[in-house]
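Asker: give me the fold of what follows.
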Amino acid sequence: MIDRKVLAIPFNYDKRWIGGVYYVRNLISALNLLPNDRKPKIIILSQSDDGYNYLDEETQYPYMDWTIPGLVRGYDIGLSRKRRYINRFLHWYKNNDFVFYVVFPHPIPSVSDSTICWIPDFQDKRLPELFHNEELEQRTIQHIEYASRAKHIVFSSKSALVDFEYFYPGYNVQKHVVRFAAFNDVSNLLSFEYIQNKYSLPANYFYCPNQFWIHKNHKVVIEAVAKLANKHSKICLAFSGKEYDHRAPSYTDDLKNLVRKLGLSENVRFLGFIPRNDQLAILKNARLVVQPSLFEGWSTVIEDAKSLSQYVLASDINTHREQLVANGELFSPNDFDALSVLLEKYLEVDPPIKEFDYSTNQMKFAKDFISVVMGDL
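Answerer: This next block holds a predicted model:
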């Protein structure tokens with residue numbers, strides 16, 4: 001019988017940060033690629049079984065279970081005092097006796113070798129004007145805690161690592177870059193005809209599947225479409241994603257008002273937060289994907305596009321230069337003229353797609369994670 005090391009993953013399904021949800025799903029899917037004798041046992045730490053059920057269905061990982069964090073001796077991720085008190089009277093069960101080899105991503109730093117912290121990006125440092133002062137202070141406190149108390153920090157890109165070393169120099173914490181890859185099951189991809197009918201999409205359209213957060217920079221896309229619409233009346237670009245940002249509650253409404261003001265209601269579509277299978281089918285069948293973000297740690301949108309052999313027009317930021325090594329072009333993030341030139345270039349011509357084996361990216365994600373976070377299994 002194989003003695004598997006146990007990886008604990010704190011997780012709750014949260015639509016407000018769907019990128020974080022997809023990160024964990026992709027991580028477990030990556031570990032599923034490993035040989036059977038190198039697969040760790042995974043314990044999902046969650047307040048209900050909803051998150052576990054989602055991950056179990058999505059990944060089919062064979063060695064996974066779940067427990068409530070408050071039922072694990074010595075482990076607390078911020079439960080209320082009342083909840084901790086109640087948990088004293090709950091019956092302990094088998095999951096309580098798991099000995100974790102590592103907890104990742106650990107939300108609270110620890111001097112223990114068994115906890116690994118994760119910092120996706122430093123948007124708060126590069127774009128502080130997009131945050132409230134309280135949130136800026138909270139993030140800085142958290143990052144200093146990680147830097148001073150944790151033994152390991154994982155970053156999703158070299159760009160994030162460089163930012164950490166710039167903003168928090170002189171700390172001895174061990175730093176690792178683990179670039180994630182996407183895992184999308186396209187074996188039963190919805191038909192294009194079904195997607196067209198459901199969302200009233202034309203045969204040719206562009207797609208921007210970003211959550212409606214202010215740093216995602218949707219406005220530059222609308223302005224680029226507006227410049228082309230008089231000459232190309234049939235141009236169509238679809239947005240999808242959760243339509244709320246707590247930092248800018250009126251952001252989505254402001255964008256929709258701009259579209260109406262510019263007379264682009266037929267050219268710019270807002271699809272809302274749509275089912276994942278719908279999103280993948282729309283992405284696969286789009287002429288190309290637009291990723292205009294002002295800042296990213298490692299773009300899920302770009303990884304989804306790469307996994308489906310799609311072409312991407314992305315904003316020229318450090319992470320995108322690191323991430324988009326083929327099948328894409330870059331534009332200055334505030335230059336709608338440059339983006340409009342690229343959109344017009346592919347209005348009636350398919351972009352050139354260079355075929356490559358994305359499975360190598362997926363396996364590298366698994367191997368990098370295991371070697372850095374779990375050690376040599």
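
Asker: what sits against the residue nearest the centre of the chain?
Answerer: Nearest residue to the geometric centre of the chain (Cα atoms, centre = their mean): Gly19, 2.8 Å. Gly19 is in contact with Pro120, Gln211, Thr300, counting by Cβ atoms under 8 Å, 6 or more residues apart in numbering. C-beta: built from backbone N, CA, C; applies to glycine.

Asker: Glu322 versus that one, what's the distance?
Answerer: According to Cβ to Cβ, to the nearest Å, Gly19 and Glu322 sit 17 Å apart.

Asker: what comes up buried for whichever strand or helix holds Ala366?
Answerer: Element membership of Ala366 [criterion: DSSP states H and E] is helix 359-369. Within helix 359-369, the residues that qualify as buried are Asn361, Gln362, Phe365, Ala366, Asp368, Phe369, counting by 16 or more other Cβ atoms under 10 Å.

Asker: dump those to TSV, plus pLDDT.
Answerer: Below are those laid out as TSV (pLDDT from 0 to 100):
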residue	pLDDT
Asn361	96
Gln362	97
Phe365	96
Ala366	96
Asp368	94
Phe369	93
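
Asker: looking at those, which is nearest Glu134?
Answerer: Phe369 (32.9 Å; Cβ to Cβ).

Asker: hmm, Asn26 and the closest one touching each other?
Answerer: No - counting by Cβ atoms under 8 Å, Asn26 is not a contact partner of Phe369; they are 10.3 Å apart.

Asker: how about the strands in the chain?
Answerer: Using DSSP state E, the strands of the chain run over 6-10, 41-45, 64-67, 102-103, 117-119, 152-155, 174-177, 206-208, 237-239, 268-270, 288-291, 312-315, 328-331.

Asker: follow-up on the earlier one: check the gap between the residue nearest to the centre of the chain and Pro128 for me.
Answerer: 20 Å.

Asker: from the contacts of Gly19, which ones fall inside helices?
Answerer: Thr300 (DSSP state H).

Asker: closest to Tyr244 among the contacts of Gly19?
Answerer: Gln211 (8.4 Å).

Asker: neighbours of the closest one, just the number please.
Answerer: 20 (other Cβ atoms under 10 Å).

Asker: which one is it nearest to, not counting chain neighbours?
Answerer: Once flanking residues are discounted, Gln211 sits nearest to Gly241: 4.1 Å by Cβ to Cβ, 6 or more residues apart in numbering.

Asker: swap in Val301?
Answerer: Gln291 (4.8 Å).

Asker: so which elements touch the helix holding Ala366?
Answerer: Judged by 3 or more Cβ pairs under 8 Å, 6 or more residues apart in numbering; DSSP states H and E, helix 359-369 is in contact with helix 18-31.

Asker: please enumerate the helices of the stretch 51-200 of the chain.
Answerer: Assigned by DSSP state H, counting those that start in this stretch, the helices in the stretch 51-200 of the chain fall at 81-87, 123-126, 133-149, 158-167, 192-199.

Asker: check the offset of the shortest one from the chain's centre.
Answerer: Taking Cα atoms, centre = their mean, to the nearest Å, the mean C-alpha location of helix 123-126 is offset from the chain mean by 17 Å.

Asker: go through that helix and flag the buried ones.
Answerer: Gln123, Asp124, Lys125, Arg126.

Asker: where does this structure have its least confident helix or strand?
Answerer: Using mean pLDDT, DSSP states H and E, helix 81-87 stands out as the lowest-scoring helix or strand of the chain, at a mean of 32.

Asker: ranges for the helices of the stretch 251-377 of the chain?
Answerer: 251-261, 276-285, 300-307, 318-323, 336-345, 359-369.

Asker: for these, which one sits closest to Lys41?
Answerer: Between Lys41 and these, the tightest spacing by Cβ to Cβ is seen for helix 359-369, at 15.0 Å.

Asker: between that closest one and helix 300-307, how big is the angle?
Answerer: Interaxial angle, helix 359-369 versus helix 300-307 (axes from the mean of the first three to the mean of the last three Cα atoms, to 10 degrees): 130 degrees.
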